[in-house]
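> mind folding the following:
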Amino acid sequence: MASNELDELLNKSHKDLSVEDFEGKRVPCIGFEGRKFDDMLSKVSGKPLSVDTNLNILQDGLGHVFVEMLLTFSHGGINEKILVNANDNVEFFESLAETTMLAIASVDHPEKIFMIQLPKPERTTEALEIIKNGLSKNTQPEST
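Numbers count the residues shown, from 1 in each chain. Predicted coordinates:
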C-alpha cells in the first residue's frame with residue numbers, strides 16, 4: 001500500500017468506535033452523528049428488520065489492516081459503509097467475534113442505541129483471524 005493510499009484510508013476511517021458494556025457483555029459500538037442516526041432509525045422504526053453485515057478486509061502485507069463494514073438494512077434503503085482501521089481497533093473486532101452483536105448509537109445522545117445481532121457468527125471469527133494474521137505482519141522483522 002503506497003503512503004498516499006494509506007493516508008487516504010486513515011483519513012476515511014470512522015473515528016467514533018468503542019466497546020461498551022451491555023449487561024456484562026462487551027459489545028462493539030459505532031457512533032453516528034445525531035441527525036444521521038435519527039434519519040437511519042426513522043426509516044426503519046416499527047418494521048420487522050434484518051441487517052446484512054459484510055466485512056471486507058483490506059491489507060497490504062506490511063501490517064496495515066482496514067475493514068470495510070457494509071451494513072444493509074432490509075427496509076428503508078439504508079446501506080452504510082464504515083471503514084475501520086483494525087490496527088487501532090482490535091478490541092472492537094474481538095468483541096464482535098465474541099458477542100456477534102453490534103451496537104449503533106448516537107454520539108449526541110448516547111442513550112439512543114440500536115442493537116444488531118449478526119446472523120452468521122462464524123464470519124466474525126474468520127474475519128478476526130484474518131485481521132490478527134494481517135496485523136502480525138507488522139511485528140515481524142524485515143528480511144534483508
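> let me see the contact set for Thr99.
Contact analysis of Thr99 by CB atoms under 8 Å, 6 or more residues apart in numbering lists 25-28. Just so you know, the C-beta spots here come from the backbone N, C-alpha and C atoms, and that holds for glycine as well.
> setting the sequence-adjacent residues aside, check what's closest to Leu55.
Here the nearest residue to Leu55 in space, its sequence neighbours aside, is Ala127; by CB to CB, 6 or more residues apart in numbering that works out to 4.6 Å.
> next one: Ala86
In space, Ala86 is closest to Val65, 4.0 Å off (CB to CB, 6+ apart).
> follow-up on the earlier one: any chance of the contacts of Thr99 in a markdown table, plus secondary structure, distance to Leu118 and neighbour count?
Compiled in a markdown table, the contacts of Thr99 are given as follows (DSSP: H, G, I helix; E, B strand; the rest coil; distance: CB to CB, whole Å; neighbours: other CB atoms under 10 Å):
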| residue | secondary structure | distance to Leu118 | neighbour count |
| --- | --- | --- | --- |
| Lys25 | strand | 14 | 11 |
| Arg26 | strand | 15 | 17 |
| Val27 | strand | 11 | 22 |
| Pro28 | strand | 10 | 24 |
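> scan this structure for its longest helix.
The single longest helix within the chain, with elements called by DSSP state H, is helix 121-136.
> which other helices and strands contact that helix?
Counting contacts by 3 or more CB pairs under 8 Å, 6 or more residues apart in numbering; DSSP states H and E, helix 121-136 is packed against strand 51-59, strand 65-73, helix 90-99.
> kindly recompute the last result at 10 Å.
Packing partners of helix 121-136 (3 or more CB pairs under 10 Å, 6 or more residues apart in numbering; DSSP states H and E): strand 51-59, strand 65-73, helix 90-99, strand 101-106.
> can you redo those as CSV with distance to Asn79?
Output for those, formatted as CSV (distance: least, CB to CB, whole Å):
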stretch, distance to Asn79
strand 51-59, 9
strand 65-73, 5
helix 90-99, 19
strand 101-106, 14
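> returning to that earlier point: and the contacts of Thr99, which is the shakiest by pLDDT?
Lowest pLDDT of the contacts of Thr99: Lys25, 92.
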